[in-house]
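Participant: What shape does this take:
(one chain, ligands or ions: 1)
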Amino acid sequence: MKKEVDKVLDSIIHPETGLSLRASGIVESVAMSDERIAVTLLFKRRRDPFAKSIARQLTEALTAEFPQMGEKIHIEIKEGEPQTAGEPDKADGMARVGKIIAIASGKGGVGKSTVASNLAVSLAATGYRVGLLDADIYGPSQPKMFGVEDFVPAAEMSGNHEMIVPAHVYGVELMSVGFFISTDDALLWRGPMATGALRQLIHQTRWGELDYLLIDMPPGTGDVHLTILSELKIDGAVIVSTPQQVALADVRRGIAMFRSDKVNVPVLGIIENMAWFTPAELPDNRYYIFGRGGARELAIAEGIDLIGEIPIIQSVMDGADTGKPGALPGNRAEIYYRETAQIIVDKLGRNC
Ligand code: ADP
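Facilitator: Predicted coordinates:
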């Protein structure tokens with residue numbers, strides 16, 4: 001009888017993990033006798049959106065397998081952490097990734113990668129499980145920003161599939177195309193080669209269980225964006241701009257790309273980077289050297305929120321060069337990124 005019950009448990013696929021109920025680790029216990037079959041299923045939340053439909057499917061399948069048991073089949077839903085034994089046997093490391101956030105910009109050089117690394121570090125310091133995928137395929141800068149330029153990712157078998165193990169730095173799971181090629185070579189990549197590699201990095205990275213996966217997008221709008229947008233269900237996009245770039249059409253084009261009917265990704269807001277400068281000797285002064293108010297105006301015009309204003313801070317620039325992100329706890333820049341990270345968490349929690 002046990003074998004038949006296992007067969008039923010293996011035949012039902014959990015829509016979220018893409019794995020069978022047993023492989024998803026949600027079967028806490030199975031009790032069988034002539035009097036009853038009782039299965040206890042674990043869900044992180046009692047009101048998990050899939051709990052009811054899985055329980056119904058299981059009842060139906062068990063009833064079909066054991067018609068004589070009829071009313072004696074009981075499925076209990078319990079709150080608890082699913083117990084997966086190792087990695088899922090599926091060539092998709094994304095299976096246990098929570099919310100996915102794209103960090104984008106209209107043009108290069110506005111600090112998009114710096115913002116992505118610092119937001120990742122901030123979220124990790126707050127206690128979230130965070131991953132960062134450096135998809136800025138023509139200029140991958142995250143290995144340098146995290147000080148792991150020499151990291152060589154290991155390959156690991158999971159079931160029949162080879163998975164790539166990300167770097168673990170400052171509490172962040174980091175994967176970058178830069179781990180596989182030098183930055184100079186990246187510039188020579190042609191479209192299909194770049195998108196193929198990216199697809200592989202997205203699905204074959206052993207992300208493990210994450211609350212947030214941040215994607216450092218390439219600047220602008222193009223083929224690589226379309227690949228990412230078609231491979232992943234992105235929960236929200238964040239647009240980074242400097243005051244002088246904010247009025248440019250590229251920023252609006254970026255916003256329009258996410259909002260287009262086909263893509264339909266909510267824009268969580270705009271972050272104005274290098275918004276002002278405060279000299280160390282005049283800590284109360286703000287010099288808006290690149291102009292003032294542009295990001296707010298754009299946000300109003302586009303109907304999105306201004307979710308962060310980050311000043312020019314020497315330690316942010318130095319940190320990007322030396323592999324110590326400015327948002328690490330105890331640094332002057334920490335507060336700016338932490339506030340913005342919190343806004344993003346809140347917005348995603350409210351489903352934008
Ligand atoms: P992008 O990803 O948009 O091309 P980067 O993140 O590589 O831009 O940033 C470009 C340069 O600006 C880097 O040298 C980085 O250190 C610097 N930078 C970014 N944000 C700040 C900031 N808030 N204060 C000081 N320097 C910054």
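
Participant: looking at it, Phe290 is touching Val246, isn't it?
Facilitator: No. Using Cβ atoms under 8 Å, Phe290 makes no contact with Val246, being 9.2 Å away. From N, CA and C alone the C-beta is placed, and that goes for glycine too.

Participant: ok, these two, which is more surrounded?
Facilitator: Val246 (23 against 18; other Cβ atoms under 10 Å).

Participant: tell me the contacts of that one?
Facilitator: Residues in contact with Val246 (Cβ atoms under 8 Å, 6 or more residues apart in numbering) are 270, 272, 294-295, 297-298.

Participant: repeat for Ile255
Facilitator: 239, 267, 302, 304.

Participant: if I look at the first one, how far off is Glu4?
Facilitator: Okay, so that is Ile239. 54 Å (Cβ to Cβ, to the nearest Å).

Participant: Just want to know which of the two has more residues nearby.
Facilitator: Ile239 (30 against 13).

Participant: Flag the helix or strand of this protein with the lowest per-element mean pLDDT.
Facilitator: helix 183-186 (a mean of 67; mean pLDDT, DSSP states H and E).

Participant: So which bits of the stretch 251-352 of the chain are right by the ligand?
Facilitator: Residues of the stretch 251-352 of the chain that fall close to the ligand, judged by Cβ under 6 Å from any ligand atom: 273-274, 310, 312-313, 316-317, 320.

Participant: among those residues, which are in helices?
Facilitator: 316-317, 320 (DSSP state H).

Participant: By neighbours, which of those residues wins?
Facilitator: Val316 (25 neighbours).

Participant: how close does that residue get to Pro329?
Facilitator: 15 Å.

Participant: Under the pLDDT cut-off, which ranges of the stretch 151-300 of the chain? List them.
Facilitator: For the stretch 151-300 of the chain, residues meeting the criterion pLDDT under 70 lie at 183-192.

Participant: Would you quantify the distance from the closest residue to Trp276 other than its chain neighbours to the ligand?
Facilitator: Excluding its sequence neighbours, the residue lying closest to Trp276 (Cβ to Cβ, 6 or more residues apart in numbering) is Arg286, at 4.2 Å. Distance of Arg286 to the ligand, computed by Cβ to the nearest ligand atom, to the nearest Å: 13 Å.

Participant: burial measure for Arg286, as a count.
Facilitator: Residues near Arg286, counting by other Cβ under 10 Å, number 14.

Participant: Could you work out the end-to-end span of stretch 230-248 for me?
Facilitator: 26 Å (Cα to Cα, to the nearest Å).

Participant: right, is that stretch up against the ligand?
Facilitator: No. Counting by Cβ under 6 Å from any ligand atom, the ligand has no neighbours in stretch 230-248; the shortest distance is 6.5 Å.

Participant: go on, stretch 101-108?
Facilitator: Yes. Judged by Cβ under 6 Å from any ligand atom, stretch 101-108 and the ligand are in contact via 105, 108.

Participant: got a list of contacts for that stretch?
Facilitator: 112, 115-116, 119, 139, 212-217, 219-220, 225, 228, 234-241, 245, 248-254, 258, 265, 268, 344, 348.
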